[in-house]
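A.B. asks: below are the sequence and a predicted model for it; my questions follow.
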Amino acid sequence: MDGKAQEQIALHGWAVIAEAAGERLTAAERGALVRQIAARAYQHPDGSRRRYSRGTVDRWLRAWRRGGLEALKPSPRADTGVVREHPELFAEASALRLELLGRSAAQIASILYHRHGITVSERTVRGQLRRAGLHREALAAEPKAYGRYEAARANERWITDVLVGPWCRIRSGCGAPKHGIRG
């Protein structure tokens, strides 16, 4: 997530908690106000409508008091892009995709489950393959070989067309009629 998106989310969080961030409110007034805030739906910067729990609003208020707008910015996960529990399965998922490019993330997740007994979600497989550049759009954009007769330079491979004539039973040669009639 870039800095502009983080700032938009921080400003959105401030817009949600602004009325409850006043210094002159008593604890009871702030609690009632936080409950009202939690009951409403808000337009998130990504365009969706969201409701926030009372715990989330309280956490945002504490963050605001501790560090202002900077504290309301979302922090990136330290393990983003890493398969946390079983990193060895990602190498196998990549090999499965490269083995058969049309194999879906759901099929790969199913194969991993049946081989190892470990459930890996389809979404996790799809995300890991996308980060590694092994998603279908990227693989479809690579140049393809069009047949077995493709050559790197001229005269490297030759193609021929040979017609084999009919088989003849007569010993005198194949010039005689096919049905054994002699002249």
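C.D. replies: Right, received. Where do you want to start? Numbers count the residues shown, from 1 in each chain.
A.B. asks: any chance you could map the helices in the chain?
C.D. replies: Using DSSP state H, the helices of the chain run over 3-17, 27-39, 54-67, 88-99, 105-116, 122-131, 136-141.
A.B. asks: redo these as CSV? Include mean pLDDT, distance to Glu156 and mean neighbour count.
C.D. replies: C-beta coordinates here come from the backbone N, C-alpha and C atoms, glycine included. Shown next, in CSV, are the helices of the chain (pLDDT from 0 to 100; distance: least, Cβ to Cβ, whole Å; neighbours: other Cβ atoms under 10 Å):
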stretch, mean pLDDT, distance to Glu156, mean neighbour count
helix 3-17, 91, 53, 16
helix 27-39, 93, 72, 14
helix 54-67, 93, 66, 15
helix 88-99, 89, 27, 16
helix 105-116, 91, 37, 16
helix 122-131, 89, 35, 17
helix 136-141, 77, 27, 11
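A.B. asks: dump these to TSV, plus distance to Cys168.
C.D. replies: Output for these, formatted as TSV (distance: least, Cβ to Cβ, whole Å):
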stretch	distance to Cys168
helix 3-17	82
helix 27-39	95
helix 54-67	91
helix 88-99	50
helix 105-116	55
helix 122-131	61
helix 136-141	53
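A.B. asks: quick one: which of those is nearest Val162?
C.D. replies: helix 88-99 (36.7 Å; Cβ to Cβ).
A.B. asks: what's the spacing between the closest one and its chain's center?
C.D. replies: 14 Å (Cα atoms, centre = their mean, to the nearest Å).
A.B. asks: and it with helix 105-116, angle?
C.D. replies: Inter-element angle recorded for helix 88-99 and helix 105-116: 130 degrees (by axes from the mean of the first three to the mean of the last three Cα atoms, to 10 degrees).
A.B. asks: OK, contacts around the nearest residue to Arg40 once chain neighbours are set aside?
C.D. replies: Excluding its sequence neighbours, the residue lying closest to Arg40 (Cβ to Cβ, 6 or more residues apart in numbering) is Arg51, at 7.0 Å. Residues counted as contacts of Arg51 (Cβ atoms under 8 Å, 6 or more residues apart in numbering) are 38-42.
A.B. asks: hang on, the earlier thing: what's the closest of the helices of the chain to Asn155?
C.D. replies: helix 136-141 (31.0 Å).
A.B. asks: what residues does the closest one touch?
C.D. replies: 97, 101.
A.B. asks: ok, now stretch 3-13?
C.D. replies: In contact with stretch 3-13 (Cβ under 8 Å, 6+ apart) are residues 42, 44-45, 60, 64, 69-70, 72-74.
A.B. asks: any chance of a markdown table for the contacts of Arg51, columns distance to Asp2?
C.D. replies: Formatted as a markdown table, the contacts of Arg51 follow (distance: Cβ to Cβ, whole Å):
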| residue | distance to Asp2 |
| --- | --- |
| Ala38 | 29 |
| Ala39 | 32 |
| Arg40 | 28 |
| Ala41 | 26 |
| Tyr42 | 22 |
